[in-house]
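Novice: predicted model, plus sequence, below.
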Amino acid sequence: MTSDTPQALSPVSRTALSVARVRAYESARPDALFVDPYATAFITAAGVEPAAPRPGLSGLAKGLVAHGILRTRFYDDRLLAAAADGAEQVVLLAAGLDTRAYRLDWPAGTRVFELDLDPVLDFKQKVLDDAGAVPVGHRTALPADLLDPRWPERLVAAGFDPARRSAWLAEGLLVYFTAEEAAGLFTAVAALAAPGSRLLLERGRDVSRTPHDPALAHVTSLWRGGLGPDTHHWLDRHGWTAGLTALDQIADSYGRPLSGPSTGGFIEAVRQHTAD
């Protein structure tokens, strides 16, 4: 086994393949909300079956697919808006198989930093190289464990400038952290985020109320809950101003109304000061 094979990925890292399946499925739609031209290459290289609608999917499964599609487009839009507004540094925390550095039309001068574990970045790079992918602008892939307190030093050493505004994305990440781990991560982010910097992430959830679905247990069993439903309030108390947009509102705005009620949503927080 080598680090550029999916078998080398940790259980949490392998969830990136599920996200790639969803992105490949959406990209093939004639009315796609986004197009990720590399998502299919990832799942093909991993030997994973493409996602497809099928009878018997649970409400949880359908909800996660819809959530994954909507959040991809929402984060695409908000990251580009942040970059256009002066955030010349974009940091993708636990980037997984994210290809925004390749598929989004970044303003000139934007630097994209992708942080994740070595096996994830190795597998990703091999697939992208085989596909002849070329990043838009400047991309830095940085092997880093976000539970290691030294990752901020490595990011700065790689060229990140804490004195300049930045945009941070924690997509599908916090739910796999404990509350203590999540607080530690965002404390580190806050120390690097200049005033006016932006942070994007999902609305917190109470994972103890997650419906049981045996087909999804390999994912939901890994959920630790992060900062839970208090996430946006926690950010407000720690030097950010957090705005919350409900999932159903986003779905309606993109012409993809949800089939049922949802408590999901996304947070966009703006850094107000550099120290608490």
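Specialist: Cool, got the structure.

Novice: out of everything not next to it in sequence, what's closest to the most centrally placed residue in the chain?
Specialist: Nearest to the mean C-alpha position of the chain, counting by Cα atoms, centre = their mean, stands Glu171 at 2.1 Å. Excluding the flanking residues, the one nearest Glu171 by Cβ to Cβ, 6 or more residues apart in numbering is Tyr75, at 6.0 Å. Any C-beta I mention is one placed from the backbone N, CA and C, and that applies to glycine too.

Novice: quick one: the residue nearest to the centre of the chain and Leu97, what's the gap?
Specialist: Glu171 sits 11 Å away from Leu97, taking Cβ to Cβ, to the nearest Å as the criterion.

Novice: you'd agree the residue nearest to the centre of the chain is up against Phe266?
Specialist: No. Using Cβ atoms under 8 Å as the test, Glu171 is too far from Phe266 to be in contact (9.6 Å).

Novice: please enumerate the shared neighbours of the two.
Specialist: Counting by Cβ atoms under 8 Å, 6 or more residues apart in numbering, the shared contacts of Glu171 and Phe266 are 71, 75, 200-202.

Novice: now do the buried residues in the helix or strand of the chain with the lowest mean pLDDT.
Specialist: Ranked by mean pLDDT, DSSP states H and E, the weakest helix or strand in the chain is helix 217-220, scoring a mean of 76. By 16 or more other Cβ atoms under 10 Å, the buried positions in helix 217-220 come out as 219-220.

Novice: picking that back up, residues touching the residue nearest to the centre of the chain, list them.
Specialist: By Cβ under 8 Å, 6+ apart, Glu171 lies in contact with 71, 75, 92-94, 96, 98, 200-202.

Novice: go on, Tyr75?
Specialist: 169, 171, 200, 266.

Novice: and the two most separated of those?
Specialist: Leu169 and Phe266 (10.7 Å; Cβ to Cβ).

Novice: could you tell me which residues touch both of these two?
Specialist: By Cβ under 8 Å, 6+ apart, the residues touching both Leu169 and Phe266 are 75, 200-201.

Novice: isn't Leu199 right up against Gly239?
Specialist: No. Between Leu199 and Gly239 no contact is recorded; they are 10.7 Å apart, counting by Cβ under 8 Å.

Novice: these two: which has the busier surroundings?
Specialist: The neighbour comparison of Leu199 against Gly239 (other Cβ atoms under 10 Å) goes to Leu199, with 24 against 20.

Novice: ok, so of the shared contacts of Glu171 and Phe266, who is nearest Phe177?
Specialist: The closest of those to Phe177 turns out to be Leu201 (Cβ to Cβ; 11.1 Å).
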